[in-house]
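Provided below for reference: sequence and predicted model.
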Amino acid sequence: QNKDDGKLNSMMRIKDILSFVVWCTRSSFKTSTRCQPLRSRSNPPGSPFFKLGIFRACLLLPLWKREEGEIFGKSEATIYVAKFGFRTQALLWACVSWSAVHGSYDAVYGAELKPEKNRLEVAIAATGPLYLPVTLANEAGYFSKRGVTVNLSTLSATASAQALLSGQVDIYQGGTATIHANVAGSDLIYVAASVDRSTLVLFGQKGITSFGQLRGKSVATTSVGAFGEIAIRKTARERGMEVGKDIKLLYHKGPPDALSTFLVGNADGLIVTPPQTEMARGKGFPVIIDYYEKGLKIIGPGTGVARSFAQKNPTTLKIFLMGYLDGVKRALDDPAYAKNVLAQSSKMTDQKLIDESYNEGVKVWNKDMTVDPEAIKLVLEQSTISKAAELDVKRFYDNTLIREVNRDYASKLFPGQVKW
């Protein structure tokens, strides 16, 4: 094609536009004889974005500034583009029209997925900022728009394993219960880690400001084996102390009950997550250890499922993970809406408490929900079950689905923030 002055006759422009449309609808670039695809880190061959040729990012002007003989796409735009012999308004408007007709990448990719199961029973261990993305996603319809209805309920960690194994619950968004059940012989695994940076805070009654002062005293926590217990056991061992001998743990159904025991003076210490952490701070109780500041990595909540369920319903799980990520993005982009959902789900009315709890969630929501084996290893090392620390960490998780979601969706939703 003529490159001297970029002026093509009308028939040639029409021909090129038609060729472009045909090319965009082909099943693969491999059959294209007219275009040369340019590989981008975030769009591998085989991805829906690559196959469909949606040119959302081609409207960015830097893509149109090229040197002679150079394929478009030196900018950081996440897109595959091809070398045409002209730079005309006709092609630009063809891109616009194509994007308008077929919608964004998100809609196209979501429409391609056909769930094996149209209804999911999803249980969460508690309410609060750590669980806000899934609550918000369900409230905003991010699951249902992809053909999956989610029924959200609250379930204690101790009941979660049996619920998953019996099929009463399909997905459990919780802490270490999935690991403990696997250690005991149940084939439960994590397929994603929505949070793996601990927001636990250890408080003392007024006058108790160090961990050593808890020797011979009691600490209120949540259920047996939950990450509150794991953190206390780890800290005690690091200081030459032992849970059961030097420190007594008082177990509760959830953070609200643990906080209540502490507030009435029936426990000397308290280890909880938001929003109960903010409630304790607000009442002036001294912080002994802030585990987020210490960099403690422990999964909670993670997406726990029966391995057999994941094998039978991979697409349904991918839809769930995509919807969850939509919830994360909305929670970050629309704080007012997110705080409203948080207030309703956690039954909070104090705006200061709502704001502080929301900020705690922002710190730890994962955009890349790949399971970190080290976060599982920590739990096994603190387990009271003999030889648990010797078990192969790989048996406790499967990152296959989340890596696919990262590649095809999360890396587009959060450009430059998700690796795959």
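Noted; the coordinates are in hand. Just so we're clear, the structure is a prediction, and the values are computed from it rather than from any experiment.

buried residues in stretch 144-161?
Under the neighbour-count criterion of 16 or more other CB atoms under 10 Å, stretch 144-161 has 146, 147, 148, 150, 152, 155, 156, 157, 158, 159, 160, 161 buried. From N, CA and C alone the C-beta is placed, and that goes for glycine too.

now what about the host helix or strand of the fifth one, what contacts it?
Meaning residue 152. If you go by DSSP states H and E, residue 152 is part of strand 149-154. With contacts defined as CB atoms under 8 Å, 6 or more residues apart in numbering, strand 149-154 is touched by 118-127, 134-135, 138, 143-144, 169, 320, 323.

if you set the cut-off to 7 Å instead, what comes out?
With CB atoms under 7 Å, 6 or more residues apart in numbering as the test, strand 149-154 has contacts from 118, 119, 120, 121, 122, 123, 124, 126, 127, 135, 138, 143.

Just the buried ones from those?
120, 121, 122, 123, 124, 126, 127, 135, 138, 143.

Name the SS class of residue 241, please.
The three-state assignment at residue 241 reads coil, by DSSP: H, G, I helix; E, B strand; the rest coil.

which residues touch it?
Each residue near residue 241 by CB under 7 Å, 6+ apart is listed here: 215, 247.

Look up how far residue 234 lies from it.
The gap separating residue 241 from residue 234 is 11 Å, by CB to CB, to the nearest Å.

returning to what we had before: which one among the buried residues of stretch 144-161 gets closest to residue 405?
Closest to residue 405 out of the buried residues of stretch 144-161 is residue 146 (12.3 Å), distances taken as CB to CB.

okay, that closest one: pLDDT?
Note for residue 146: predicted pLDDT of 96.

quick one, phi psi at it?
For residue 146, the backbone dihedrals (degrees, to the nearest 10) come out as phi -100, psi 10.

Identify the farthest-apart pair in the contacts of strand 149-154.
Using CB to CB, those span at most 27.1 Å, a distance reached by 118 and 126.

Just want the angle from the next helix or strand along the chain from the strand holding residue 152 to strand 149-154.
With elements assigned by DSSP H and E, the helix or strand that comes after strand 149-154 is helix 157-166. Relative orientation of helix 157-166 and strand 149-154, computed by axes from the mean of the first three to the mean of the last three CA atoms, to 10 degrees: 150 degrees.

Give the partner strands of the next helix-or-strand element following helix 157-166 in its sheet and their orientations.
As assigned by DSSP H and E, the chain's next helix or strand after helix 157-166 is strand 171-174. Strand 171-174 has its sheet partners listed here by DSSP bridges as strand 119-124 (parallel), strand 302-306 (antiparallel).

Just put those strands in CSV and tack on mean pLDDT and distance to residue 266.
Shown next, in CSV, are the strands paired with strand 171-174 (pLDDT from 0 to 100; distance: least, CB to CB, whole Å):
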stretch, mean pLDDT, distance to residue 266
strand 119-124, 98, 27
strand 302-306, 97, 31
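
How many neighbouring residues does residue 398 have?
Neighbours of residue 398 under the rule other CB atoms under 10 Å: 18.

who touches it in this structure?
By CB under 7 Å, 6+ apart, the contact set of residue 398 is 189, 191, 310.

Then residue 346?
The contact partners of residue 346, taken as CB under 7 Å, 6+ apart, are 127, 128, 275.

What distance do you get for residue 305 to residue 336?
For residue 305 relative to residue 336 (CB to CB), the value is 33 Å.

So the two - more neighbours on which side?
Between residue 305 and residue 336, counting by other CB under 10 Å, residue 305 is the more crowded of the two (25 against 6).

Just list whatever residues bridge to that one.
Beta-bridge partners for residue 305, by DSSP bridges, are residue 189.
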